[in-house]
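Undergrad: sequence-free structure coming up:
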């Protein structure tokens, strides 16, 4: 019955199939284990034990016995499903891990409600590395502003180079940027998927899926072939928070899934860092609310490194990274010291005297607050559109300004 | 008593699509049992003329001659339709039977339908036919009284008749005169909405001006209620009135559909189409060769509202006419074409909720849903759109700026600028073309682009602002911008402005 030869444990698959396809849940398992009916969750596939339970030889709750009886009736169906899982797993090079293996994340062990079995594809050694060098969850909007994307790129590559693993959800926007920036660094990247590991969601992220499958790690609590249903995503966010030592919120709207991840992390006793964002930017309001509620301000990679050092110390795994995690002080050069107030004054009183460069300064100044469309720029600068358009093209050409969603914004490079 | 001719020749004309062909009607009467046969690939509307002619003769006091009447209509290999041959056939019979005096060696043109009471009625397509005939050498040109206005627009000279009995006076009484018809041209009496009503939409306003000045296709996108449709309606108002030639082009197509009821005002036609339009309605019916919306928009504007909701099939059929500036219809292996030289003006929402360009983050559409919504407007279609402008609803804050700059009645100034640009362009390309429409040749020299500016445009192209295919379109828009300024050469600034109107994918 057991298939020891390959990476796929039959009992683990059986467990997944039972959890997904019958009404047996965590509660049932707790009842079974507390009353010593089974030793570990793996015994659920043992027909003899099940028959004994069904006969009522062990004292259990009524509904537990009832559910086990139903499981016995549908035993062959479950076996068929297990066969399907195995086939998909073998075809897609997916391996199975469980809480009884050595490859089970330490961070999950110390939490309750984490999956007993998970599936992976890629470099499984990352799980061990994370335990010793730390992991950071980086989550945010699927539709981020340039600023948040830029910060994500900077911080993730910096942390990755220090050996810290970046954990995210392979969604569009911030998640995607986090994976791309860290996949080739020392720390590597882990993508936690909502569906089976073989399901690429969203399909547009096929390129990074392939990349992470080679250099990083893709994991999921769902068995192979499972579609990423809507209700799985909050559970996936819980795993992301659970897997990492610290959570970074790069950008979150008022009611977004990113906030779920933050609350999971807070409930698990982990520090949450929020990237301070523009208060006029609607899509960042949720993150700012978190700051108001006592989230940590993400001032740069160094404060994340401090937090991880503390978390690692708590883990009493005093090996590896803390000594290496030092942050080098690069000073940002701030050269812009033109008096913008005087310029703006002049543009009202005597617009003829301003040069094109002066106007460009006024335009970029107007854009620092928030992205504006061409008509709004016209009303801010009081310039006719043809003049504005010429200046905008030049600003776009030299890379100061970019255009998206019909609005102009500053690039952060 | 003059000798009766054996065969009488009378000329007439028929239309297929927008082509009209001169045809020769031959009538011969030979003794025998009375018959009436019409030959030459005629459809039933021509063959039914026997009944009309017979009754009309009776009403007008003529007699139907007894004997074999054979009427041949040439060119015999072409299919012909329409009741416009009635008058020429009837005249042929009258001449042949000696009831009317046929002046010797005279060439006669006649067209018109007969009613049973002997009245001569006009038939659709008269403007096209009369334009074909106007310069031909005929001794007698006879048309129905109802076609007088068509004759005026077609610059046709000849004589109108209102009933069959008038013919007697013309041929026996010598009343025939080559009349010149009055060119009836109504002034544009429509009150266009003034462009200053488009408050706070500076980019859209400028785009409208450039579009009108260079005949460039335009796409306006923005949230519901931000004034897209209003802006579209203003476009016709800032364009010059139709010239007499253009009016006759426009009239001859509307006349095909509406007959003598067709209006002859100098307003540029604005054809509003909606997303549920069929390909047949758009291009025209290929079996009856009736013109579609594209042909009706000739010299004017084709206004497509809610562009992203169109079926991609319809948009694909639009591509070729936009390129060639004419519509081609295929019937029985033969190609018929209508001129379709119009400004394509599309409007629509940028995403499902329509709020993408609004300030703040009111739009909750995902990137996927936006690209799905926009997927029908394909890249090749966008290549043909020279100007793109976002629009958004104007906020109270901007009103301060708008009120500070409260110009009333800007439209006359805009119209003047457009007229000036058209004059410049007509000098450059000849009278048929404008910056947006002239055929691709070695455009660098015609447009007067200095080497330095070409290099600048190449740089912007490399930076990914537009594709190489969009390059010539950019130069054309830049040319129009330079014309608005009145500059000889295109400058870098013109290119820089033109780039801002380019849509870079959705």
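TA: Looks like it arrived, so ask away. Just so we're clear, the structure is a prediction, and the values are computed from it rather than from any experiment.

Undergrad: right, quick check: the lengthiest helix in chain B against chain A, any contact?
TA: Selection of the longest helix in chain B by residue count, based on DSSP state H, yields helix B:411-429. No: applying Cβ under 8 Å from any Cβ of the partner chain, one finds that helix B:411-429 is not in contact with chain A, the shortest distance being 12.4 Å. Backbone N, C-alpha and C define where each C-beta goes, glycine included.

Undergrad: Pull out the buried residues from that helix.
TA: Judged by neighbour count (16 or more other Cβ atoms under 10 Å in any protein chain shown), helix B:411-429 contains these buried residues: B:411, B:414, B:415, B:417, B:418, B:419, B:421, B:422, B:424, B:425, B:428, B:429.

Undergrad: Generate TSV for these, with pLDDT as supplementary columns.
TA: Written out in TSV, the entries for the buried residues of helix B:411-429 read as follows (pLDDT from 0 to 100):
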residue	pLDDT
B:411	82
B:414	89
B:415	88
B:417	91
B:418	92
B:419	91
B:421	92
B:422	91
B:424	90
B:425	88
B:428	84
B:429	83
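
Undergrad: could you dump those to JSON lines with distance to residue A:198?
TA: Shown next, in JSON lines, are the buried residues of helix B:411-429 (distance: Cβ to Cβ, whole Å):
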{"residue": "B:411", "distance to residue A:198": "62"}
{"residue": "B:414", "distance to residue A:198": "60"}
{"residue": "B:415", "distance to residue A:198": "64"}
{"residue": "B:417", "distance to residue A:198": "62"}
{"residue": "B:418", "distance to residue A:198": "61"}
{"residue": "B:419", "distance to residue A:198": "66"}
{"residue": "B:421", "distance to residue A:198": "61"}
{"residue": "B:422", "distance to residue A:198": "63"}
{"residue": "B:424", "distance to residue A:198": "64"}
{"residue": "B:425", "distance to residue A:198": "60"}
{"residue": "B:428", "distance to residue A:198": "62"}
{"residue": "B:429", "distance to residue A:198": "61"}
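
Undergrad: so, if you compare the residues you listed, which one comes nearest to chain A?
TA: residue B:417 (12.4 Å; Cβ to the nearest Cβ).

Undergrad: Name the residues of stretch B:117-134 that are buried.
TA: By neighbour count with 16+ other Cβ under 10 Å, stretch B:117-134 contains the buried residues B:118-133.

Undergrad: So which of these sit within strands?
TA: The subset of these located in strands under the criterion DSSP state E comprises B:120, B:121.

Undergrad: picking up where we left off before, after the longest helix of chain B, which helix or strand is next? Please name it.
TA: In the C-terminal direction, the helix or strand that comes right after helix B:411-429 (DSSP states H and E) is helix B:443-447.

Undergrad: So which residues make contact with that following helix?
TA: Outside helix B:443-447, the residues that touch it by Cβ atoms under 8 Å, 6 or more residues apart in numbering or on different chains are B:428, B:429, B:438, B:454, B:472, B:475, B:476, B:478, B:479, B:490.

Undergrad: Just list the residues touching the closest residue in space to residue A:375 that isn't next to it in sequence, thanks.
TA: Counting by Cβ to Cβ, 6 or more residues apart in numbering or on different chains, residue B:202 is the residue found nearest to residue A:375 once chain neighbours are left out, at 5.2 Å. Neighbour list for residue B:202: A:374, A:375, A:378, A:379, A:384, A:385, A:388 [criterion: Cβ under 8 Å, 6+ apart].

Undergrad: who touches the host helix or strand of the last one?
TA: Counting by DSSP H and E, the element that carries residue A:388 is helix A:385-397. Counting contacts by Cβ under 8 Å, 6+ apart, the residues outside helix A:385-397 that touch it are A:356, A:359-360, A:363-364, A:374-375, A:377-378, A:381, A:383, A:401-403, A:408, B:202-203, B:205-206, B:459-460, B:463, B:465, B:481, B:493, B:495-497, B:499-501.

Undergrad: Check the secondary structure at residue A:102 for me.
TA: Following DSSP: H, G, I helix; E, B strand; the rest coil, residue A:102 is assigned to coil.

Undergrad: For it, the count of nearby residues, please.
TA: Summarising burial for residue A:102: neighbours were counted as other Cβ atoms under 10 Å in any protein chain shown, giving 7.

Undergrad: next one: the longest helix of chain B to chain centre, how far?
TA: Helix B:411-429 sits 21 Å away from the centroid of its parent chain (Cα atoms, centre = their mean, to the nearest Å).

Undergrad: Which elements pack onto that helix?
TA: Using 3 or more Cβ pairs under 8 Å, 6 or more residues apart in numbering or on different chains; DSSP states H and E as the contact criterion, the elements in contact with helix B:411-429 are helix B:202-214, helix B:228-237, helix B:470-485.

Undergrad: rerun that using 10 Å as the cut-off
TA: Contacts of helix B:411-429 with other secondary structure elements, assessed using 3 or more Cβ pairs under 10 Å, 6 or more residues apart in numbering or on different chains; DSSP states H and E, are made with helix B:202-214, helix B:228-237, helix B:443-447, helix B:470-485.

Undergrad: could you show me where the strands are in the stretch 151-300 of chain B, in order?
TA: Counting by DSSP state E, counting those that start in this stretch, the stretch 151-300 of chain B forms strands over residues B:157-161, B:179-180, B:218-222, B:270-273, B:284-285, B:290-291, given from the N-terminal end onward.

Undergrad: Which residues outside the second one are in contact with it?
TA: Okay, so that is strand B:179-180. Contacting residues not belonging to strand B:179-180 are listed as B:141, B:148, B:151, B:152, B:155, B:156, B:157, B:158, B:159, B:160 [Cβ atoms under 10 Å, 6 or more residues apart in numbering or on different chains].

Undergrad: Sheet partners, orientation included, of that strand?
TA: Here strand B:179-180 has these sheet partners by DSSP bridges: strand B:157-161 (antiparallel).

Undergrad: what's the answer for the fifth one, then?
TA: Each strand pairing with strand B:284-285, determined using DSSP bridges, is listed with its direction: strand B:290-291 (antiparallel).

Undergrad: so how far is the partner strand off the chain centroid?
TA: Taking Cα atoms, centre = their mean, one finds strand B:290-291 lying 10 Å from the centre of the chain it belongs to.

Undergrad: Please work out which residue of the stretch 151-300 of chain A is closest to chain B.
TA: Taking Cβ to the nearest Cβ as the measure, the stretch 151-300 of chain A has residue A:282 as its residue closest to chain B, at 3.5 Å.

Undergrad: related to what we said a few turns ago, need the winner for burial among the helices and strands packed on helix B:411-429.
TA: Most buried of those by mean neighbour count (mean count of other Cβ atoms under 10 Å in any protein chain shown) is helix B:202-214; its value is a mean of 27.

Undergrad: show me the contacts for the residue nearest to residue A:35 when sequence neighbours are not counted.
TA: By the measure of Cβ to Cβ, 6+ apart, the closest residue to residue A:35 outside its immediate chain neighbours is residue A:60, 5.6 Å from it. Neighbour list for residue A:60: A:28, A:31, A:32, A:34, A:35, A:37, A:53, A:66, A:67, A:68 [criterion: Cβ under 10 Å, 6+ apart].

Undergrad: Apply 7 Å and report the result again.
TA: Neighbouring residues of residue A:60 by Cβ atoms under 7 Å, 6 or more residues apart in numbering or on different chains: A:31, A:35, A:37, A:53.

Undergrad: Buried subset of those as a PyMOL selection?
TA: If you want just the buried ones from those in PyMOL, going by 16+ other Cβ under 10 Å, the selection is:
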select buried, chain A and resi 31+37+53
